[in-house]
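Novice: Structure for this input, please:
(chains A and B, ligands or ions: 2)
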Amino acid sequence: MNLVESLLHALKDHGARQIFGIPGDFALPYFRIIEQSKILPLYTLSHEPGVGFAADASARVNMGLGVAAVTYGAGALNMVNAVAASYAEKAPVVVLSGAPGKGEARSGLLLHHQAKTLDSQFQMFREITCDQVKLDDAARAPADIARVLAKALRHSEPVYIEIPRDMVDVPCAPVVRAAAQEIDFGGA
Amino acid sequence: MAGVEIRRFGLEGKVARLARRLGLPVVTGFMGRGLLAGHDAPLVGTYLGVAGLPEVTQLVESSDGLFLLGEILCDTNFAVSATRIDLRKTIQALDGRVTIGYHTYPQVPLAALVERLLECATEGARTFPVRRQVFPRGMPADDASIAPTDIATAVNDLMAEHGRMPIASDVGDCLFTAMEIEHTELVAPGYYATMGYGVPAGLGVQAATGQRPLILVGDGAFQMTGWELGNCRRYGWDPIVLLFNNASWEMLRTFQPESAFNDLDRWGFAEMAAGMGGDGRRVGTRAELKAALDKAVAKRGRFQLIDVTIPRGALSSTLQRFVAGMKRLGAAK
Ligand SMILES: Cc1ncc(C[n+]2csc(CCOP(=O)(O)OP(=O)(O)O)c2C)c(N)n1
Ligand SMILES: [Mg+2]
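Specialist: Ligands and ions are numbered 1, 2, ... in the order given. Prediction:
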């Protein structure tokens, strides 16, 4: 299993039923795996605000995770308002964004779709999601994905998952769901 | 007052049972409209403060123990109150904690709280008799022009005949109009209030549930994201879209009538539908509205866009009450 397949199985296992999205060059590799693996159906739309709103509505009606898949920069930043809406109104939307590969980040050149630093997008989404992860380490990815998806469901708020494009085919273990939290009502 | 979290955490059935056991009346806020639609709860209606039905407003504002269960404490839910609900006298369960007066009990997830309350609340003899809210029915199919409340009435007639449909609504007068439609599942950005939500959200509803949705959207909002309807044909989605076309940013006009920029051009949305793989009809009278809705329901497999011509300045009853109430509140300050 590669990293994206592991992620897709985890999304399904946590209650996601479909993915809405618009690809771009940084996202094409993981979109290829979404389409070919058929783990979850993919619906592409025309403009990223629509992707975010459709994913939000699917989360609300299904009472589970909605998934909005976009490309780096122009795609993801086009969706900021929709994700802010999901955050404000507590819809658990999982934002998947493509990103430059780990190697590309070291070229010394500014990369297209880069706003300020390569991390600007991550910082912006930190403000409107309850947890974030960049999947740049396949060994850590299953635990990170489990944590982020569990938080989306526990808080019913959006989360952000960034996928560097050179990571998609890296072998990866399956995600094991995080255990439910114990609740203590005191002496009752 | 039941809020969106009871839906997000799948607790509607349990909350309905809890309310029945305790014999407590239930309302939702503006944001929570549509909650408990499919459940047998003593649901009195939607709390809209100065914009709402007086009996509902009175019940909420005179309560000595308002229990806010999963309700977002936002202005669209609460700033509409003339008497200002004192939140210190409420019990709030939200964001995984419970607050009573000045005490906060952290790390109490809503699901666990409701479960525990159900264990504690025994089946009692108390009941709260609820007078169900009456929604307008029987739109005259005549030659009069169409006001937003006519659309609510026509939708109520339609759902009585053909069954309930889930609704996705944008912001604008269409969302106030939705408050006049029978309780049915509703997704709408009632708090964050972003335009552009309605059409793509309707597509999300159909993709996620397979049910045919009704989409309520204003012309200004449709200009933002209406194009997404062009994706329906590929995926076999066939929403019915009621486009409130008043050639206006009418909500903004109610706040600031002197501004000419609120006059929009009247776009020919009906004609655009065919090129996007759907069917479009423009209607200007109540008879035409009724005929177009009947045709739309009968036709499956293509999106159905009804471009409803509404005169500028014609507001839904709910928005009229809201505007009048806000003016009263403003004058009192
Ligand atoms: C994305 C976004 N931009 C701007 C606004 C401010 N705004 C609130 S209502 C409104 C006008 C809405 O017009 P329309 O969709 O035609 O509905 P109407 O008010 O005419 O019923 C605007 C511009 C907003 N809520 N969301
Ligand atoms: Mg308008």
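Novice: secondary structure element for residue B:158?
Specialist: Remark: residue B:158 resides in helix B:148-162, with elements defined by DSSP states H and E.
Novice: same question but for residue B:243, I mixed them up
Specialist: strand B:240-245.
Novice: contacting residues for the spatially closest residue to residue A:54 that is not a sequence neighbour?
Specialist: The shortest distance from residue A:54 to any non-neighbouring residue, by C-beta to C-beta, 6 or more residues apart in numbering or on different chains, is to residue B:204 (3.5 Å). Placement of C-beta: from N, CA and C, glycine included. Residues near residue B:204 by C-beta atoms under 8 Å, 6 or more residues apart in numbering or on different chains: A:20, A:53-58, A:61, A:66, B:168, B:187.
Novice: any weak-confidence spans in chain A?
Specialist: For chain A, the stretches with pLDDT under 70 are A:186-188.
Novice: So which residues of it form helices?
Specialist: In chain A, helices defined by DSSP state H lie at A:3-13, A:28-37, A:48-62, A:74-77, A:80-88, A:120-126, A:141-155, listed in chain order.
Novice: rewinding a little: tell me which other helices or strands the helix holding residue B:158 touches.
Specialist: In terms of contacts (3 or more C-beta pairs under 8 Å, 6 or more residues apart in numbering or on different chains; DSSP states H and E), helix B:148-162 is packed against helix B:173-178, strand B:240-245, helix B:286-298.
Novice: now it: how far from the chain's centre is it?
Specialist: Chain-centre distance of helix B:148-162: 14 Å, with C-alpha atoms, centre = their mean, to the nearest Å.
Novice: Residue 126 - nearest residue in space that isn't next to it in sequence?
Specialist: Defaulting to chain A. Take residue A:126 and drop its neighbours on the chain: the residue closest to it by C-beta to C-beta, 6+ apart is residue A:132, 5.6 Å away.
Novice: wrong chain, I was asking about chain B
Specialist: In this structure, residue B:126 finds its nearest non-sequential neighbour in residue B:23, 2.9 Å apart by C-beta to C-beta, 6+ apart.
Novice: Show me which residues of the stretch 101-250 of chain B sit near ligand 1.
Specialist: B:171-173, B:193-196, B:218-221, B:244, B:246, B:248-250 (C-beta under 6 Å from any ligand atom).
Novice: run the last query once more with 5 Å
Specialist: Taking C-beta under 5 Å from any ligand atom as the measure of proximity, the stretch 101-250 of chain B contacts ligand 1 at B:172-173, B:193-195, B:218-221, B:246, B:248-250.
Novice: Could you tell me which ones among these also sit near ligand 2?
Specialist: Taking C-beta under 5 Å from the ion as the test, ligand 2 is in contact with B:218-220, B:246, B:248, B:250 out of these.
Novice: Would you enumerate the residues in contact with the residue most central in space within chain A?
Specialist: Centroid check for chain A by C-alpha atoms, centre = their mean gives residue A:96 as the closest residue, at 2.8 Å. By C-beta under 8 Å, 6+ apart, the contact set of residue A:96 is A:7, A:19, A:21, A:30, A:67-70, A:161, A:163.
Novice: hmm, try it at 6 Å
Specialist: For residue A:96, the contacting residues are A:69, A:161, by C-beta atoms under 6 Å, 6 or more residues apart in numbering or on different chains.
Novice: That one pairs with what?
Specialist: Judged by DSSP bridges, the bridge partners of residue A:96 are residue A:69, residue A:161.
Novice: one step back: quick one: buried residues of the helix holding residue B:158?
Specialist: Under the neighbour-count criterion of 16 or more other C-beta atoms under 10 Å in any protein chain shown, helix B:148-162 has B:148-159 buried.
Novice: That helix - what's its average pLDDT?
Specialist: The average pLDDT within helix B:148-162 is 98.
Novice: And for it, what's in contact with it?
Specialist: Outside of helix B:148-162, the residues within contact range by C-beta under 6 Å, 6+ apart are B:135-137, B:139, B:173, B:177, B:180-182, B:242, B:286, B:289, B:293, B:297, B:316-317.
Novice: ok, residues contacting stretch B:248-268?
Specialist: With contacts defined as C-beta under 6 Å, 6+ apart, stretch B:248-268 is touched by B:172-173, B:220, B:247, B:312, B:323.
Novice: Only the buried residues of it, if you could.
Specialist: Judged by neighbour count using 16+ other C-beta under 10 Å, the buried positions of stretch B:248-268 are B:248-251, B:253-254, B:262, B:264, B:267.
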